[in-house]
Structure formats: C-alpha cells, structure tokens
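[1] just a sequence and a predicted model for now, questions to come.
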Protein chains: 2
Amino acid sequence: MTSPPTAPTAPPRRGRPGHDQAAVLGTAIDLFIRQGYDATSMADLAAALGLSKSSLYHHVPSKERLLELALDEALGELTAVVEAATAEGAAGTSYERLRRVVEDGVRLLVDHQPAVTLLLRVHGNTDVERAALERRRWVDDRLADLVAAAVAEGALRADLDPGLVSRLLFGMVNSLVEWYDVDGPVDVDQLAAAVVATALDGLAVGAPRSAPG
Amino acid sequence: MTSPPTAPTAPPRRGRPGHDQAAVLGTAIDLFIRQGYDATSMADLAAALGLSKSSLYHHVPSKERLLELALDEALGELTAVVEAATAEGAAGTSYERLRRVVEDGVRLLVDHQPAVTLLLRVHGNTDVERAALERRRWVDDRLADLVAAAVAEGALRADLDPGLVSRLLFGMVNSLVEWYDVDGPVDVDQLAAAVVATALDGLAVGAPRSAPG
DNA sequence: CCTACCGATCGGTAGG
DNA sequence: CCTACCGATCGGTAGG
C-alpha cells in the first residue's frame, strides 16, 4: 500500500506529544479571565503550560491571535443562535422566538462561558477588539429587532422603549457569565428557567404566572 | 481689620493655578474606562492633563492610589444606599425597601457612572482590588438578604432561589453602566422606572401592572 | 521657604 | 523545545 501524496489526516507526530493550539488557547483564556488580558504576560502563559516562552511561540503567532480565536468562538456561537431565531422562515411568533433565544442564549453562555466572558469584557482598544465589537453589535441589533417585533405583536408591554427593554433583558442574561458556576447548586435548566421567568414573565402583558405550590 | 493668625480658608495660591487631585482623578477614571487600567500608562494620563509625568506625581503618589480613590467613591455611595435601605429602623416592607434600593441604585449608578464602572470591572489582581471586592461583596450580601426577606414576606415569587433572583436583578441593574448615556434620549427617571417595571413587576406575585394608555 | 513643573533617568519587565 | 537576547516601554524618582 502506498500513501497518497497529500494525506487528508494529520501526519503522525514525532518527538514529545507536547501541546496543541487548542490546549494553549484554553489555558490562555483561563488566564485572560483570571488576570485580565493586559495583565497576563506570555511568560505567565508559558509557565502555566510548563513551556518556555519561545516554545509557546512555536504554537501561536502572537498574544493577540489567542484573543482573536477566543472572540471568534464566542461570536460564532452567538451568531448561530441569533440567526436561527431570526431567520426568514423561523417558526412561531416573535414572542415565542424571543423566549427561545433567551433560553438558548443562557445555555450558550454556560457552554462557552470562558470565551463569552472575554467577549463581554472587550472594549475596543485594538483592531481585533473593534472587529469583535462590530460583530457583537450586529447580534445585539438583531435581538433588539426581535424585542421590537414582540412589542409590535402585542406580546410585550408597550409602555417601555423596545431598545431599552432589549438592553436590560440581555444585560441580565450577559451578567451571568460573571458569577454562574456550572459546578454550583443551580443547574443550567434551572438557570434558563429562572432567567425567562424573571425577565419575560415580567415583560409579557398579561402573561400567566406560575401558580405557587 | 486684621486677619486671624490661622485662616480657616485655603491659603492664596502662588504660581500657576495647575491641577488639583480631583481633576487628575477625573481624567484618570476616564482613561481607565476607555483604555483599561493596565493599558493606561501614567505617561498617557500626564499627556491627557498637559503635564509631564514628574509633575503628575506631584499630585498623586501612585497609579494604584488613583484606582483606590475611584473605587472608594463607588463603594462609599453604594454602601450608603444599601445601609439606608437595610437599617434596623428602615420604613416600609422588605418589598418596598427593595423597590426603593433598586431605584436609588439606578440613580447612583448614573450619578457616579465612571467610578461604578471601574468597580464592576475589578477582578482582584491586587490588594487594592481584593479589598474593593470584599466591600462589594458585603453590599451584594445585604441586597441578597433584602430579596430573601421580600420572598419570605410573600411579596416576591417563591419558586426561584432568592440568591439567584438577587444576582439576576442586580446583574440587570449593573449592566446599565456599560451602555447608558446620560445625554441620550432616556432620562434617569425613565431609566429607573423601566428597571423597576422590567425586573420587579415581573418578580412580584400578583403585582399590578401599569395600565396602558 | 512655597507650589508648580521640567528633562533625564532609575531598576525591571513587556511582547517577540 | 531551550538559552540568550532585542527595542520599547513600564511605574516611579532623581536633582534643580
């Protein structure tokens, strides 16, 4: 048997197994969150991985590229959830789709909590951060459109500005990345239900409350 | 008329008027928010003030002291509002006091938005930051107690964990520092009303809704 | 002796 | 994957 000239699978590794880029990225995100991006040096990251700084640069081209990869992960997931909820042929009323996007959003923030945490802390100091903020703004605008549509439908209270309501609603959702602990007493189903109950049952005009007991 | 030997008023200044510590602090907070604390050098701050770095150090002992002053401002105000709402002899039911602390909290975040923004971005990398987080935790714990008391009173829905509800409620309140614009179309009264309506009217069991029109 | 401020430079550390 | 370095810049301080 002969090997094809260009093998589609990864070539067999020689030497020590070492680290791959995904492992480096995971540790980097962890340090960026705990210490802050600026306060984390590449020497810190190398030490956490048990590498020298030069070896670290064998796996990643720059510190900023690590941030970019993390932000891409968060934005890719957020974009997919929002597109699914706001696509042309999406099923259900605007209110139903808003309710689903809040639930899916909560699960997404929990599943990708480190990457989303970094995204929510970005403030546009570099080109990479500004590009991420632009994509995030697109997501926020689609969510605001969905809130406005639910208001127009008569499903949400009309005495508040939809843009303001959207900011408060997703401000509440986003805040959970700063305190939610997956290993804590509240599981993700309870969390999603609590967010929907707290925010949407309060916003929905005449929506039924859960009966106590 | 003779001047008293020790004048209680500030002595007359000689030389250039220059800057005082309050002006330096205001500019510092502005830069810390826009660029991040770590990414702001004392040279940046000096340039923004039109001073040399050495002259800047005539007014402030260190960069960290500037952060500490800003965090003290935010924590002092937050502590006062929370103490007023949770003091032994505070008037009203727990629910009424919670509603008032949310309204007062919104006004406080707007009045001291720069300082509070810095406080909410602190993550405990230094002793100054850890001390601030400890004081902030005291505030959060008092607010959680108030939510729990309102649940025990029967005024808030009992099917959700009070600690969880408290985090979601004040996560929503805190989020406004990242987007609210005092010069924008929403004034602070509308903002406070919207927060209370969105969060508490949704939490209050059988609370009356504002009638439309 | 004061307040306000300067050009130059300290010992260390950053990302690469 | 390492030791040995770089150009630059950090927060802070010297003498005047």
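    On my side now, so go ahead.
[2] all contacts plus neighbour counts: C-alpha atoms, from now on.
    Fine.
[3] which ones are touching the residue nearest to A:L56 when sequence neighbours are not counted?
    Nearest residue to A:L56, sequence neighbours excluded (Cα to Cα, 6 or more residues apart in numbering or on different chains): A:A46, at 5.9 Å. Residues in contact with A:A46 (Cα atoms under 8 Å, 6 or more residues apart in numbering or on different chains) are A:52-53, A:55-56.
[4] and if we set it to 10 Å?
    A:24, A:27-28, A:52-57 (Cα atoms under 10 Å, 6 or more residues apart in numbering or on different chains).
[5] buried stuff in stretch A:37-57?
    For stretch A:37-57, the neighbour count (16 or more other Cα atoms under 10 Å in any protein chain shown) marks A:37, A:40-42, A:44-46, A:49, A:51, A:53, A:56 as buried.
[6] these: which ones sit near DNA strand D?
    A:51, A:53 (Cα under 7 Å from any atom of the strand).
[7] could I get stretch A:137-156 in PDB with only the CA atoms?
    This file holds the C-alpha atoms of stretch A:137-156, laid out as PDB (Å, rounded to 0.1, in the frame of the first residue of the first chain):
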ATOM      1  CA  ARG A 137     -23.200  44.900  17.800                       C
ATOM      2  CA  TRP A 138     -24.800  43.000  14.800                       C
ATOM      3  CA  VAL A 139     -26.000  40.400  17.300                       C
ATOM      4  CA  ASP A 140     -27.400  43.000  19.700                       C
ATOM      5  CA  ASP A 141     -29.200  44.800  16.900                       C
ATOM      6  CA  ARG A 142     -30.900  41.500  15.800                       C
ATOM      7  CA  LEU A 143     -32.000  40.900  19.300                       C
ATOM      8  CA  ALA A 144     -33.400  44.400  19.600                       C
ATOM      9  CA  ASP A 145     -35.300  43.900  16.400                       C
ATOM     10  CA  LEU A 146     -36.800  40.700  17.900                       C
ATOM     11  CA  VAL A 147     -37.900  42.600  21.000                       C
ATOM     12  CA  ALA A 148     -39.400  45.300  18.900                       C
ATOM     13  CA  ALA A 149     -41.300  42.800  16.900                       C
ATOM     14  CA  ALA A 150     -42.700  41.100  20.100                       C
ATOM     15  CA  VAL A 151     -43.800  44.600  21.300                       C
ATOM     16  CA  ALA A 152     -45.500  45.300  17.900                       C
ATOM     17  CA  GLU A 153     -47.200  41.900  18.200                       C
ATOM     18  CA  GLY A 154     -48.700  43.000  21.500                       C
ATOM     19  CA  ALA A 155     -46.900  40.300  23.400                       C
ATOM     20  CA  LEU A 156     -44.600  42.600  25.400                       C
END
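[8] next one: it to chain centre, how far?
    Taking Cα atoms, centre = their mean, to the nearest Å, one finds stretch A:137-156 lying 19 Å from the centre of the chain it belongs to.
[9] point me to the residue of chain A nearest DNA strand C.
    Proximity of chain A to DNA strand C (Cα to the nearest atom of the strand) peaks at A:S41, 3.0 Å away.
[10] would you tell me whether stretch A:34-41 gets close to chain B?
    Yes - applying Cα under 10 Å from any Cα of the partner chain, one finds stretch A:34-41 in contact with chain B at A:34-39.
[11] can you redo those residues as a markdown table with pLDDT?
    Converted to a markdown table, these look like this (pLDDT from 0 to 100):
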| residue | pLDDT |
| --- | --- |
| A:R34 | 89 |
| A:Q35 | 88 |
| A:G36 | 89 |
| A:Y37 | 91 |
| A:D38 | 89 |
| A:A39 | 87 |
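[12] low-confidence ranges, chain A, go.
    A:1-19, A:202-213 (pLDDT under 70).
[13] so where do the helices sit in it?
    Assigned by DSSP state H, the helices in chain A fall at A:21-35, A:42-49, A:53-59, A:63-86, A:94-111, A:113-121, A:127-152, A:162-175, A:188-203.
[14] what's the first one packed up against?
    Where contact means 3 or more Cα pairs under 10 Å, 6 or more residues apart in numbering or on different chains; DSSP states H and E, helix A:21-35 is packed against helix A:42-49, helix A:53-59, helix A:63-86, helix A:113-121.
[15] deepest of those helices, which one?
    helix A:113-121 (a mean of 20; mean count of other Cα atoms under 10 Å in any protein chain shown).
[16] list of residues touching it?
    Helix A:113-121 is contacted by residues A:26, A:29-30, A:32-33, A:36-37, A:67-75, A:77-78, A:106-110, A:129, A:132-133, A:136, A:174-178, A:180-182, B:121 when judged by Cα under 10 Å, 6+ apart.
[17] could you redo the last one with a cut-off of 7 Å?
    A:29-30, A:33, A:70-71, A:73-74, A:109, A:177 (Cα atoms under 7 Å, 6 or more residues apart in numbering or on different chains).
[18] now distance to DNA strand D too, for those residues, in JSON lines please.
    Formatted as JSON lines, the contacts of helix A:113-121 follow (distance: Cα to the nearest atom of the strand, whole Å):
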{"residue": "A:I29", "distance to DNA strand D": "19"}
{"residue": "A:D30", "distance to DNA strand D": "19"}
{"residue": "A:I33", "distance to DNA strand D": "20"}
{"residue": "A:A70", "distance to DNA strand D": "21"}
{"residue": "A:L71", "distance to DNA strand D": "25"}
{"residue": "A:E73", "distance to DNA strand D": "24"}
{"residue": "A:A74", "distance to DNA strand D": "27"}
{"residue": "A:L109", "distance to DNA strand D": "31"}
{"residue": "A:V177", "distance to DNA strand D": "28"}
